[in-house]
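K.L.:
generate a structure from the sequence data that follows.
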Amino acid sequence: MTNYKGGVGKTTTAVNLAHVFADEGMKVLLVDLDPQASATDFFGLYNSAQSEGCSSIDLLYGHASIEDSAFRTTYPNIDVVPSIIELVDQNELLLHEQTLKFALDDAAGDYDVAIIDCSPVMKRLAFNAYAAASAGGMVIIPVKLDSSVMRGTALTVNAMRSISDALRLPMPKWRILRTCVPGRSTRSEDAGTTVLDNYFPGNQFKTVIHASTKVCEGSWRWKPVVDAFPTSRPAVDYRALAKEVLHELG
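P.N.:
As a prediction, the model looks like this:
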């Protein structure tokens, strides 16, 4: 999950997809690469990550394995490699772009799906995620249809292309996900849709995530909307998205 524009629903999408996949019986690993640690907070792991000195810092900079870095959560089938704020202070010049890819390769037999929640910053943390996704994965770019939709999307796609060229890796498959879509069409929404259709006609999910207060209500309880309000419109959207993601990945 990545976009260089914040507030577009990256963590919300990551956490909801993790729950949908887990509910389907898949073993899910969620890796939090955002120093804000919102995904970590969703699972109540921040204090444990700090007190036990076990986080994505150890995975990326301390050569720890996924097995040694991941926490089991209270939700069946979901493990999380948590993040902490100190991740922002790490010297990224010491981070190899394929560290995460190699760690996930080593743990491939333990999980059915890995979800990586990226920060809205163009740094080597995101490049690690792109390199990992190049091996048969997918980069999901959540977007809100406002005047900045092109900038964030274009920066993300260009960064993926640059890191793929530099490391001689395949360009990851990528798809744009429209989030916070109003129930009724608006001029702003129509304009944004036209822009995306003109520039990225073949790289959009059919599924869109509709806006709803239920998403915020669930987040106040640290629960994803698919769990807190399973019959709500965005919950139905996220389950449809999960099916589309699996179909795209084959």
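K.L.:
residues in contact with the lengthiest helix in the chain?
P.N.:
If you go by DSSP state H, the chain has its longest helix at helix 149-167. By CB atoms under 8 Å, 6 or more residues apart in numbering, the residues outside helix 149-167 that reach it are 2-5, 8, 97-98, 122, 126-127, 130-131, 134, 139, 141, 143, 169-172, 174, 176, 192, 195-196, 199-200. (C-beta placed from N, C-alpha, C; glycine too.)
K.L.:
so Pro76, which of the three states?
P.N.:
Three-state assignment for Pro76 (DSSP: H, G, I helix; E, B strand; the rest coil): coil.
K.L.:
residue nearest the centroid of this structure?
P.N.:
The chain has Met1 as the residue nearest its centroid, 2.6 Å off, counting by CA atoms, centre = their mean.
K.L.:
and for Leu94, the neighbour number?
P.N.:
10 (other CB atoms under 10 Å).
K.L.:
please disregard the earlier target; I meant Leu30.
P.N.:
30.
K.L.:
likewise for Arg72?
P.N.:
Here the number of neighbours of Arg72 (other CB under 10 Å) works out to 12.
K.L.:
excluding sequence neighbours, find me the nearest residue to it.
P.N.:
Using CB to CB, 6 or more residues apart in numbering and skipping the chain neighbours, the partner closest in space to Arg72 is Asp79 (5.7 Å).
K.L.:
contacting residues for that neighbour?
P.N.:
Lys27, Val28, Leu29, Leu30, Ala70, Phe71, Arg72, Thr73, Tyr111.
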